[in-house]
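*Asks:* Take this sequence and fold it.
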Amino acid sequence: MAIKLAVVGSKGKVGSAIVAAARDAEGIELVAEVASAGERDKLVDSGAEVAVDFTVPGSVMENIEFYVEHGIHAVVGTTGFDDERLETVRGLLKDRPEVGVIIAPNFAISAVLTMAFARQAARFFESAEVVEYHHPHKLDAPSGTAVHTAEGIAAARREAGLGAAPDATEQQRDGARGADVDGVPVHAVRMSGMNAHEEVIFGTQGQTLTLRQDSYDRSSFAPGVFAAARAVADRPGLTVGLESILGLE
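*Replies:* Residues are numbered from 1 along each chain as shown. Have a look, this model is predicted:
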């Protein structure tokens, strides 16, 4: 039986790509396209089982509250989630324990694998830094993907008993060493002509390792979105990231 799917943020760049892909996706029935918060009643009227949310940080929390209240599972690719927001979502779900919400910093399979490979590599190298590249219209910096990558690297380093990476910098212009995410420098590039790209650079004596991921257009997110949509009903509560869905944990 096909999953009844609604796309919220359907007129946005990512949302419109998901709408187009959903029309041909196996096991997916696109039942609603919701362009703005004022159209959320379409979700209830259409009988949507899963809402895919690619909106903006300013409206996504109200959207999630609506989904949970109406018993609609959610797959969320909107950015801007920190620990406080994730805890708020967990609180919303306490009253509706049957509802599943999946929030992922990136739905491109290549990006998820990069994050997983980075965690594996982190314990073998003294140094690690992340560079992310996006189009100039992106609202947040660094990206959620880069932050998630850096947090995974930092956790792996702690588990391996590694200390701080060597860095003798004493003088710098503000931001020259990037944002500090759990001790891992993260650098954000915003440039015309790019979509979504990430490099993770590791170094130790006499050698480096570079992992690079490129999403050339927004259709790259569709396979991960639909994998999450197929899995979310069987995962009540909050799931962060696609790693467990793809069998990477």
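*Asks:* Residue 192 belongs to a helix, doesn't it?
*Replies:* No: looking at residue 192 with DSSP: H, G, I helix; E, B strand; the rest coil, it is coil, so not inside a helix.
*Asks:* got the contact list for the residue nearest to it when sequence neighbours are not counted?
*Replies:* The shortest distance from residue 192 to any non-neighbouring residue, by CB to CB, 6 or more residues apart in numbering, is to residue 136 (5.7 Å). Backbone N, C-alpha and C define where each C-beta goes, glycine included. With contact set as CB atoms under 8 Å, 6 or more residues apart in numbering, residue 136 has these partners: 190-192.
*Asks:* In three-state terms, label residue 132 for me.
*Replies:* strand.
*Asks:* Skip the chain neighbours and tell me the closest residue to the residue nearest in space to the middle of the chain.
*Replies:* In the chain, the residue lying closest to the centroid (CA atoms, centre = their mean) is residue 105, at 1.1 Å. With CB to CB, 6+ apart as the criterion, residue 105 has its nearest non-adjacent residue at 3.7 Å, and that residue is residue 144.
*Asks:* Now for the one you found, how many residues are close by?
*Replies:* Residues lying near residue 144 (other CB atoms under 10 Å) number 19.
*Asks:* same question, residue 156
*Replies:* When neighbours are counted by other CB under 10 Å, residue 156 comes out with 18.
*Asks:* so is it in a helix, a strand, or just coil?
*Replies:* Judged by three-state DSSP, the three-state class of residue 156 is helix.
*Asks:* Check the contact between it and residue 115; I expect there is one.
*Replies:* No: between residue 156 and residue 115 no contact is recorded; they are 10.8 Å apart, counting by CB atoms under 8 Å.
*Asks:* Look at the residue nearest to the centre of the chain and give its secondary structure.
*Replies:* coil.
*Asks:* Could you shift the numbering so residue one becomes 30, and keep it that way?
*Replies:* Got it, first residue is 30 now, which makes that one residue 134.
*Asks:* Who are the contact partners of residue 75?
*Replies:* Applying CB under 8 Å, 6+ apart, we find residue 75 in contact with 33, 35, 60-61.
*Asks:* try residue 179
*Replies:* 159, 210-211, 213, 215.
*Asks:* Surely it is in a helix?
*Replies:* Yes: remark: residue 179 belongs to a helix, assigned using three-state DSSP.
*Asks:* can you pull the pLDDT of it?
*Replies:* Here the pLDDT value assigned to residue 179 is 97.
*Asks:* Neighbours of residue 82, how many?
*Replies:* For residue 82, using other CB under 10 Å, the count is 23.
*Asks:* Hmm, it is touching residue 39, no?
*Replies:* No: using CB under 8 Å, residue 82 is not in contact with residue 39, being 10.4 Å away.
*Asks:* which of the contacts of residue 179 sit farthest apart?
*Replies:* 159 and 211 (11.1 Å; CB to CB).
*Asks:* Which of these two has more residues huddled nearby?
*Replies:* residue 159 (28 against 14).
*Asks:* For the more buried one, which non-adjacent residue is closest in space?
*Replies:* Computed as CB to CB, 6+ apart, the closest residue to residue 159 that is not its neighbour in sequence is residue 215, at 4.6 Å.
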